[in-house]
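Colleague: turn this into a model:
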Amino acid sequence: MSIEGEAAEIRPPSLLDAVIPVVVLIILIATSVALFGIDATEGPLQVALLTSAATAALVARKNGHEYIHISEAVVGGISSAMGAIFILLAVGALIGTWNMSGTTPTVVYYGIKLLDPEFFYVAAAAICAAVGLVTGSSWTTAGTLGVAFVGMAPVLEVSPEITAGAVISGSYFGDKMTPLSETTILVPQLVGGLTVYEHIRALLWTTGPAIAIALVIFLVLGLQEDVTATSDQKDAATAAIDSVYNISFINLLPLVLLIVCAFRKYPPFMSVFAAALLAGVMGAFTQPDLVQDFADDPDLGAFLASIKAIYAAMGTGFVLETGIEPLDQLFSRGGMSSMLTTIWLVLGALAFASVMEHAGFLGRLFEGVMRLARSTGALIATVAATSIGLNVIACDQYVAIVMPARTFRLEFQKRQIAPQVLSRTVEDTGTVTSALVPWNTCGAYMTGTLGVSTFDYFPYAFFNLLNPVISVLYGLTGFQVKKIPPEEGTPEPFVGVEPSTEGAMQ
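Modeller: Numbering: from 1, shown residues only. So this is what the prediction gives:
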């Protein structure tokens with residue numbers, strides 16, 4: 001049967017067709033969380049997503065779609081995320097070698113010495129915001145400094161969950177406010193008639209108040225912490241690290257390399273992998289005894305033992321065995337294998353999203369919400385709800401920003417609303433809320449990298465929670481909702497910008 005012949009037999013989906021897979025997804029996810037709690041990401045959520053994808057495929061088949069084409073759509077959808085999957089593997093390798101080489105322990109060492117527990121949360125958010133501005137990547141920031149900050153939390157006797165929220169808040173603010181970020185570049189192109197810097201200026205009106213309020217909350221939470229860690233305990237913790245690792249600023253070279261690569265816009269996978277490999281090689285010289293012990297093969301010479309240790313740290317993660325339990329737990333992490341559960345979650349999410357998009361279910365859902373947007377405020381709220389909803393249903397940040405930007409741009413033009421209002425709303429809601437959904441690629445990454453469940457850090461990711469609220473409030477009140485004359489309202493022709501396969505590294 002020809003493709004043309006098959007297309008003629010395909011029936012457009014009804015609203016019920018589009019809703020059925022979503023309802024099944026909601027029921028299965030709710031059941032998974034109810035039965036397994038935060039452990040739902042270890043397998044039950046993946047089962048729920050794949051079952052929902054199968055349900056969507058059955059409904060699509062009812063409407064005339066051939067299974068072969070549904071399968072091709074799933075393969076294509078997963079293929080588009082291969083860049084993100086490779087980045088996940090590289091980050092796992094990086095965590096392993098940075099623990100072995102002393103890079104992460106050095107950051108933790110100086111962090112414990114310099115940061116007071118009372119100001120720890122606000123400092124974590126502010127530092128991650130600054131690094132996010134430099135690197136243009138929330139993923140890079142969370143995977144490096146974020147891991148170190150979460151590691152410091154138990155030593156300073158502060159909350160790892162709040163710390164993770166602070167890391168994510170700062171990382172996403174920095175990511176959004178720099179022209180180095182891929183989403184910050186992509187969204188103005190999707191909307192049309194807008195430069196990156198006009199987009200950033202528009203974002204500042206919503207992200208600025210959101211991060212300011214978030215920093216105040218983190219400061220208050222820190223000041224209210226019942227911290228029992230004394231200076232003697234902090235000295236004991238740093239002394240313990242110093243007794244195991246050779247602490248030196250040289251250990252920070254992999255971090256410097258990563259920032260330089262990010263600033264020069266080298267491919268994210270290559271940047272992270274290079275920083276991981278450099279740390280592994282450095283470890284053979286900066287931590288020779290530790291590397292030899294980790295290799296655990298006295299028959300090998302120093303050279304071959306170092307190679308074995310690098311392979312192991314990058315592949316299955318570094319394991320520290322000093323007998324000091326807190327230290328061993330803190331720095332025994334990483335490896336590509338540690339990211340496999342997260343990758344499994346990403347594959348399940350993309351399988352579901354691919355079937356939903358291929359069968360036209362997402363477009364059918366769009367039609368329903370568009371009819372509800374009568375006023376300007378309602379239109380902006382609809383864009384926000386659509387972006388957030390796509391983060392939940394489509395499970396990928398790029399679907400959550402590309403589809404609303406494409407779908408609503410002509411409606412904004414028709415109502416003579418400035419394009420930066422649409423671009424700002426899409427970023428304020430589609431980009432920043434992606435980390436709050438456990439089965440979204442960004443939420444899965446943050447959980448896998450920071451070692452804190454999405455359900456646990458969700459209440460403390462204040463920037464990510466406040467930013468969408470402020471954006472919708474602006475729309476409902478008309479504040480900073482600019483209008484344009486009709487002759488200026490025609491956006492530039494859409495040139496087919498698609499999500500980058502490397503773009504998942506925000």
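
Colleague: residue ranges with poor pLDDT in the stretch 51-200 of the chain?
Modeller: Along the stretch 51-200 of the chain, segments meeting pLDDT under 70 span 80-81, 84, 136, 180.

Colleague: which residues of it fall in helices?
Modeller: Listed in chain order, the helices found in the stretch 51-200 of the chain under DSSP state H, counting those that start in this stretch are 67-79, 82-101, 103-114, 120-135, 138-141, 147-156, 160-176, 182-191, 196-224.

Colleague: how about the helix or strand that contains Leu25: buried residues?
Modeller: Applying DSSP states H and E as the criterion places Leu25 in helix 15-36. For helix 15-36, the neighbour count (16 or more other CB atoms under 10 Å) marks Asp17, Ala18, Val19, Ile20, Pro21, Val22, Val24, Leu25, Leu28, Ile29, Ser32, Val33 as buried. Where you see a C-beta, it was placed from the backbone N, CA and C, and this is true even at glycine.

Colleague: using JSON lines, please lay out those together with distance to Phe303 and pLDDT.
Modeller: As requested, the buried residues of helix 15-36 are arranged in JSON lines below (distance: CB to CB, whole Å; pLDDT from 0 to 100):
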{"residue": "Asp17", "distance to Phe303": "62", "pLDDT": "91"}
{"residue": "Ala18", "distance to Phe303": "60", "pLDDT": "88"}
{"residue": "Val19", "distance to Phe303": "62", "pLDDT": "89"}
{"residue": "Ile20", "distance to Phe303": "60", "pLDDT": "93"}
{"residue": "Pro21", "distance to Phe303": "55", "pLDDT": "91"}
{"residue": "Val22", "distance to Phe303": "56", "pLDDT": "85"}
{"residue": "Val24", "distance to Phe303": "56", "pLDDT": "91"}
{"residue": "Leu25", "distance to Phe303": "52", "pLDDT": "85"}
{"residue": "Leu28", "distance to Phe303": "52", "pLDDT": "88"}
{"residue": "Ile29", "distance to Phe303": "50", "pLDDT": "80"}
{"residue": "Ser32", "distance to Phe303": "48", "pLDDT": "83"}
{"residue": "Val33", "distance to Phe303": "49", "pLDDT": "75"}
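
Colleague: columns distance to Ile470 on top of the residues you listed, output as JSON lines?
Modeller: Supplementary listing: the buried residues of helix 15-36 in JSON lines, determined by distance: CB to CB, whole Å:
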{"residue": "Asp17", "distance to Ile470": "36"}
{"residue": "Ala18", "distance to Ile470": "30"}
{"residue": "Val19", "distance to Ile470": "30"}
{"residue": "Ile20", "distance to Ile470": "35"}
{"residue": "Pro21", "distance to Ile470": "32"}
{"residue": "Val22", "distance to Ile470": "27"}
{"residue": "Val24", "distance to Ile470": "33"}
{"residue": "Leu25", "distance to Ile470": "29"}
{"residue": "Leu28", "distance to Ile470": "33"}
{"residue": "Ile29", "distance to Ile470": "28"}
{"residue": "Ser32", "distance to Ile470": "32"}
{"residue": "Val33", "distance to Ile470": "28"}
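
Colleague: can I get the helices of the stretch 51-200 of the chain in TSV with distance to Met370?
Modeller: Written out in TSV, the entries for those read as follows (distance: least, CB to CB, whole Å):
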stretch	distance to Met370
helix 67-79	24
helix 82-101	30
helix 103-114	48
helix 120-135	34
helix 138-141	30
helix 147-156	41
helix 160-176	26
helix 182-191	17
helix 196-224	23
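
Colleague: of these, which is nearest Ala461?
Modeller: Checking the helices of the stretch 51-200 of the chain against Ala461 by CB to CB gives helix 160-176 as the closest, at 4.5 Å.
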